[in-house]
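[1] Fold the following for me, if possible:
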Amino acid sequence: MLAHRGIRIAARAARVVAAAAALTILSVPAVAFGQSGQQQQTQVSTEGGEFPLYVTAEYLGMAGMKTVVRVRMRAPELTMAAAKRGLTSFSGELKGSFVRKDQTAEPFRYPVSGDISTHTTFTYGFLHALAPGDYTLQISLAAPGGRVVGQASTQLSVPEVGTPFTPDLAPGEMGTMPSAEAVVIADEADGAAPGGAGSKLKILPPDREAPIGLLRLDASVEPPISKVEFWLEDKLLVRRTKPPYSVEIDLGDVPRRQTVRAVGYDASGRLIDEDAWSINQGSARLAIKILPQEDPASGKVRVKLAVQSIAGGVPKSVELFLDDKKLKTWDSPSGPYELTIPMTDYTKGNFLRATAVGEDGGEANDIHMTKGPSTTVENVRVDVVQLHISALDKTNHFVKGLAEDDFKVQEDGRPQKVTGFEVAEKLPLTIGLVVDGSGSMDKSMPFVHDAGAELFRGLIRDKDKGFVIEFREQPKMVQELTGDSAALQRAAREPQARGATALFDSVVLGLYQFRALQGRKALVVVTDGADNHSHVDYDTLLRYARSAGAPIFFIAVNLSVLDFGIRKQLNEVATESGGEVFHLGSAAKIGEVTKRIEEELRSQYIVAFRTDSQKPDGVYRAVTVAVSKPGITARTIKGYIP
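    Have a look, this model is predicted:
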């Protein structure tokens, strides 16, 4: 009996090592990404003896000063032994650390579970960002309850590689989405290519992209330009009156999306041309920036679109809109993308919107408000903060018809001047639906299908878009971003109930879909239980939600009042993001909740302010909004991390 029990423990340990193949088996060979892997053989020690463990390390790219390493482990002999002993499934946890010679350690901890088969050797893998150097990888395998059932260690030599890391280098499943680990790790390092043959001024691609630290940019200049100003967001960096027209920019020590502008003038001080360069745009392959130049003397506005290629992305088409009216479509992949419009039309409109669609179907957007100071929606400028605000009366009904002067904004207790205002319904909306497909949702799923389909039917209008993600042990993209309401309604009816719950990973990946989009955004998450299978921990999820700029609405179905932990977590994430949690005792009420969410999104206001904070980037800033009219309260984000 003791020997038999030892073999069963060993088999369970083996399957923990071999778990989660669906998370890591890729359709693209590893050598396509960065450097090819190091493979080593070591031994995993269990109560049933020692078995060979094969460890492969692949070096995918640089995330700042660190190399992103994908570690894969497999133990085929142990897998076979477990299957022959009749073990058909497993559940457990992989814990360990990367230890340097100076004994400093980089710890990790991941859940694993899956099925066992005699026909297939599964591979478990995970990502980690490490400074180049030599490490000892130490791992331990724990059964439910925390008892260690297997241990192993091996040596790794982590090099510096020449490829910037982007999330698409580490998909979580074949050809769909990056893993949540990749999204969190990525420093959003971009590459780019020049465009516009007709431009008088063009920012050239840097020799080396740097998501943090120092970045040097040079501009190509043609006559009659004799002076160039370089701006980082709303801050003037330097004026150059002779070649080289260049600037060195300190991007700080926290990767974040920023925009550099170069503005060229002739000898008389007349603005001739300008260009923009986007930094840290995630895995997007295109970026676009609207650059309007008003000329009151002529009564015209010259609108230039700076389209930036990232990692080889090529624009298939570029479109410019004034409100909902399409002004022009360009089919050229190289530009220039410029249009002159009457000043009267420009001032009557609410916003300019530009869209660049790549050959791969990916899309980049920018929105520029035409009224008030230059406040681009969804904050292209780092010191301009944009708030999605819901106004509610004493009966909890949404209030419409408020004006800019009705809102008072404070940041960290200091009054802030409102610099932009718009009724949200006039702006395009992107909404994501994330559905829990774990087994416990079986009885609720028909109601989820109907409510999700109705949500898209009621919300998606011209220029609006949506997507659907289903999650169990891992997230799965059911419908990628599209404006096709019928396709979204069909996708909302597809999720099926079975498996575990990777809630945190799925929320991160839902927010990740908004990374290159401007305008209104909202994420609706339907779930019935606590997370038990995510690679991303709660603190990382909360930090990501605070910086994503999208309200999160949780619909919690049949969640016990005794589940204090998950209730607290859902409430905190929703409140911090400006969303809400709806606790339902019956899934039959989901339709009522989605109608409430639809009403809120149509009733919101967009309020922008220019922060005066002296806090460094990456530090949390508290935000409060009050409505001057009596009996009305405002709901928005509790704060943000720039």
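[2] just the helices in the protein please.
    2-17, 21-24, 76-84, 180-185, 343-348, 445-459, 485-492, 503-512, 538-548, 564-577, 590-603 (DSSP state H).
[3] Highest average neighbour count across those: which stretch is it?
    helix 503-512 (a mean of 26; mean count of other C-beta atoms under 10 Å). All C-beta atoms are positioned from the backbone trio N, CA, C, and that covers glycine.
[4] Give me the average confidence score over that helix.
    Averaged across helix 503-512, the pLDDT comes to 85.
[5] how big is the angle separating it from helix 564-577?
    10 degrees (axes from the mean of the first three to the mean of the last three C-alpha atoms, to 10 degrees).
[6] which helices and strands does helix 503-512 pack with?
    helix 180-185, strand 429-436, strand 465-471, strand 475-482, strand 520-527, helix 538-548 (3 or more C-beta pairs under 8 Å, 6 or more residues apart in numbering; DSSP states H and E).
[7] could those be laid out in JSON lines, adding mean pLDDT and distance to residue 603?
    Converted to JSON lines, those look like this (pLDDT from 0 to 100; distance: least, C-beta to C-beta, whole Å):
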{"stretch": "helix 180-185", "mean pLDDT": "74", "distance to residue 603": "31"}
{"stretch": "strand 429-436", "mean pLDDT": "90", "distance to residue 603": "12"}
{"stretch": "strand 465-471", "mean pLDDT": "89", "distance to residue 603": "19"}
{"stretch": "strand 475-482", "mean pLDDT": "86", "distance to residue 603": "24"}
{"stretch": "strand 520-527", "mean pLDDT": "89", "distance to residue 603": "12"}
{"stretch": "helix 538-548", "mean pLDDT": "85", "distance to residue 603": "22"}
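[8] quick one: which of those is nearest residue 231?
    Residue 231 lies closest to helix 538-548 among the helices and strands packed on helix 503-512, at 22.8 Å (C-beta to C-beta).
[9] domain ranges for the protein?
    2-185, 201-374, 426-605 (automatic domain parsing).
[10] related to what we said a few turns ago, which of the helices of the chain has the lowest mean pLDDT?
    helix 21-24 (a mean of 30).
[11] Using CSV, please lay out the helices of the chain together with distance to residue 170.
    CSV is the format used below for the helices of the chain (distance: least, C-beta to C-beta, whole Å):
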stretch, distance to residue 170
helix 2-17, 20
helix 21-24, 9
helix 76-84, 24
helix 180-185, 4
helix 343-348, 44
helix 445-459, 29
helix 485-492, 25
helix 503-512, 12
helix 538-548, 16
helix 564-577, 24
helix 590-603, 32
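[12] Indicate which one of these is closest to residue 519.
    Among those, helix 590-603 sits nearest to residue 519 (C-beta to C-beta), with 11.8 Å.
[13] Give me the helices and strands touching that closest one, please.
    Short answer (3+ C-beta pairs under 8 Å, 6+ apart): helix 590-603 packs on strand 384-392, helix 445-459, strand 520-527, strand 552-557, strand 580-584.
[14] any idea how far it is from the chain center?
    Relative to the centre of its chain, helix 590-603 is centred 24 Å away, using C-alpha atoms, centre = their mean, to the nearest Å.
[15] Tell me, what's the model's pLDDT at residue 229?
    At residue 229, pLDDT is 93.
[16] one step back: can I get the helices and strands packed on helix 590-603 in TSV including distance to residue 422?
    Listed next are the helices and strands packed on helix 590-603 as TSV, based on distance: least, C-beta to C-beta, whole Å:
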stretch	distance to residue 422
strand 384-392	10
helix 445-459	18
strand 520-527	10
strand 552-557	21
strand 580-584	22
